[in-house]
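**Q** The following comprises the amino acid sequence and a computationally predicted model.
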Amino acid sequence: MNETVKKHSKLGKDKWGYIFLIPFFVVFLVFSFYPLIQTIYFSFFDHYFSQTDFDYVNKFVGLKNYKALFSAGTARLFFNTMILWVMGFIPQILFSLLLASWFANNRLRIRAAGFFKAVIYLPNLIMAIAFGMMFFTMFSRGGPVHQIFESFGMSKDYDLFFHIAPTRSLIAFINFIMWFGNTTILLMAGIMGINESLFEAAEVDGASQFQVFRKITLPILKPILVYVLITSLIGGIQMYDVPEVVTKGSGMPMNKDIFSTNVPAAETVIMRLAQYISKSKNYGSAGALSVMLLFITGILSFVVYKFMAKDED
């Protein structure tokens with residue numbers, strides 16, 4: 001009898017757990033799952049707004065939209081996006097590891113550490129569009145940075161945004177400034193969670209600071225590093241606002257190689273997706289590009305996870 005009462009009591013408690021989960025599933029189904037299915041559906045159709053009939057055209061075309069993406073320089077778009085992400089992520093992870101090691105080391109006793117942590121995280125709270133507009137104003141022709149260079153003999157007609165390397169470097173630098181604080185906080189939390197006795201034992205054994213970092217800190221931080229890498233990769237593939245503002249939506253300058261003269265050097269995948277939606281109203285091509293983006297993001301995330309998160313004996 002008592003077992004039956006306990007069983008019913010447990011079922012009653014479990015019921016409330018499922019009830020509280022209902023709002024999440026409703027929101028997920030309406031605002032995430034249904035749009036995803038609809039996007040996949042539209043990717044197989046010529047779905048656009050006709051300027052002559054003032055109505056939407058919806059014609060099944062099969063894999064035509066996917067085939068058209070390969071002739072539209074989509075591979076170059078992914079290359080541009082990955083280059084911009086790598087240029088920003090490598091200094092971000094290195095700088096964040098260095099800062100996290102410093103701030104999490106109690107033996108250094110850094111003064112005003114709380115103030116510096118707040119300052120480091122502050123750029124993460126500023127909108128990317130605001131950052132992009134600020135740096136565009138500073139480095140554009142006639143801006144303060146251009147005037148400083150001009151005083152050292154640079155031509156008045158020189159425009160930084162007409163050159164590939166400076167444009168990409170500026171976009172990567174903005175992304176680095178915006179996100180290194182968030183990465184530093186995550187890594188610092190991971191380091192502070194490591195048992196202090198491990199560091200003390202390593203010091204007693206005569207290990208150097210670099211050996212302690214390489215043999216103790218990095219292996220224990222591996223799960224957090226995997227999380228940072230995957231989330232940064234997903235955010236990098238979805239990069240839009242900074243290059244959109246810095247290049248004024250054009251993605252300029254143009255690539256100088258003979259294989260992709262029609263694809264600007266700073267145009268990202270999401271910038272092309274926005275053009276399909278807002279300018280050409282080609283929802284079929286936008287859907288195909290979105291589906292391709294979903295699969296590539298999933299594959300890259302899986303590869304990174306399998307490569308970084310291997311079980312060790």
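**A** Nice, I can see it.
**Q** and Asp46, which of the three is it?
**A** Each residue gets one of three states, and Asp46 gets strand by DSSP: H, G, I helix; E, B strand; the rest coil.
**Q** separation between it and Ile277?
**A** 15 Å (C-beta to C-beta, to the nearest Å). Placement of C-beta: from N, CA and C, glycine included.
**Q** for the record, mean pLDDT for stretch 137-146?
**A** Across stretch 137-146, the average pLDDT comes to 82.
**Q** For that stretch, buried residues please.
**A** The neighbour-count check on stretch 137-146 (16 or more other C-beta atoms under 10 Å) flags 139-140, 146 as buried.
**Q** Where strands are concerned, which of those count?
**A** Using DSSP state E, no member of the buried residues of stretch 137-146 falls in strands.
**Q** now those as a markdown table including distance to Thr74?
**A** Output for the buried residues of stretch 137-146, formatted as a markdown table (distance: C-beta to C-beta, whole Å):
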| residue | distance to Thr74 |
| --- | --- |
| Phe139 | 29 |
| Ser140 | 29 |
| His146 | 34 |
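**Q** Okay, and which of these map to helices?
**A** 139, 146 (DSSP state H).
**Q** quick one: the helices in this protein?
**A** With DSSP H as the criterion, the chain has helices spanning 2-28, 34-42, 64-71, 74-104, 113-121, 128-139, 144-151, 164-192, 196-204, 209-212, 218-237, 241-246, 269-278, 283-308.
**Q** coming back round to it: looking at the buried residues of stretch 137-146, spot the one nearest Thr184.
**A** Of all those, Phe139 has the smallest distance to Thr184: 25.5 Å, by C-beta to C-beta.
**Q** hmm, who's touching stretch 91-105?
**A** 108, 110, 113, 116-117, 120, 175-176, 179-180, 183-184, 187-188, 190-192, 213, 217, 225, 228-229, 232 (C-beta atoms under 8 Å, 6 or more residues apart in numbering).
**Q** Buried among these? Make that a PyMOL selection.
**A** Applied in PyMOL, the following selects the buried portion of the contacts of stretch 91-105 according to 16+ other C-beta under 10 Å:
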select buried, resi 117+120+175+176+179+180+183+184+187+188+190+191+213+217+225+228+229+232
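**Q** count of residues packed around the residue nearest to Met192 when sequence neighbours are not counted?
**A** Closest residue in space to Met192, ignoring its immediate chain neighbours: Ala104 at 5.0 Å, by C-beta to C-beta, 6 or more residues apart in numbering. Using other C-beta atoms under 10 Å, Ala104 is surrounded by 19 other residues.
**Q** Any figure for the gap between Ala104 and Phe33?
**A** 40 Å.
**Q** List the contacts of Val145.
**A** 138-139 are the contacts of Val145 under C-beta under 8 Å, 6+ apart.
**Q** Asn175 touches Leu84, doesn't it?
**A** Yes. With contact defined as C-beta atoms under 8 Å, Asn175 reaches Leu84; the gap is 7.4 Å.
**Q** Need the residues touching each of the two.
**A** Joint contacts of Asn175 and Leu84 (C-beta under 8 Å, 6+ apart) are 236, 239.
**Q** Tally up the residues packed near Ala112, please.
**A** Considering only other C-beta under 10 Å, Ala112 is surrounded by 9 other residues.
**Q** List phi and psi for it.
**A** According to degrees, to the nearest 10, the main-chain angles of Ala112 amount to phi 50, psi 40.
**Q** got a pLDDT number for it?
**A** For Ala112, pLDDT reads 78.
**Q** how close does Leu221 sit to Met254?
**A** Distance from Leu221 to Met254, by C-beta to C-beta: 41 Å.
**Q** same check, this time on Phe95
**A** Taking C-beta to C-beta as the measure, Phe95 falls 32 Å from Met254.
**Q** ok, the residue lying closest to Ile185 once chain neighbours are set aside - contacts?
**A** If the residues on either side of it in the chain are set aside, Ile185 comes closest to Tyr121, at 6.0 Å by C-beta to C-beta, 6+ apart. Residues near Tyr121 by C-beta under 8 Å, 6+ apart: 181-182, 184-185.
**Q** Most neighbours among these, please name it.
**A** Counting by other C-beta under 10 Å, top hit in the contacts of Tyr121: Thr184 with 26 neighbours.
**Q** so how far is Pro264 from that residue?
**A** 32 Å.
**Q** same deal with Thr167?
**A** 9 Å.
**Q** Can you check which residues contact both of these two?
**A** Jointly contacting Thr167 and Pro264 under the rule C-beta under 8 Å, 6+ apart are 247, 252-253.
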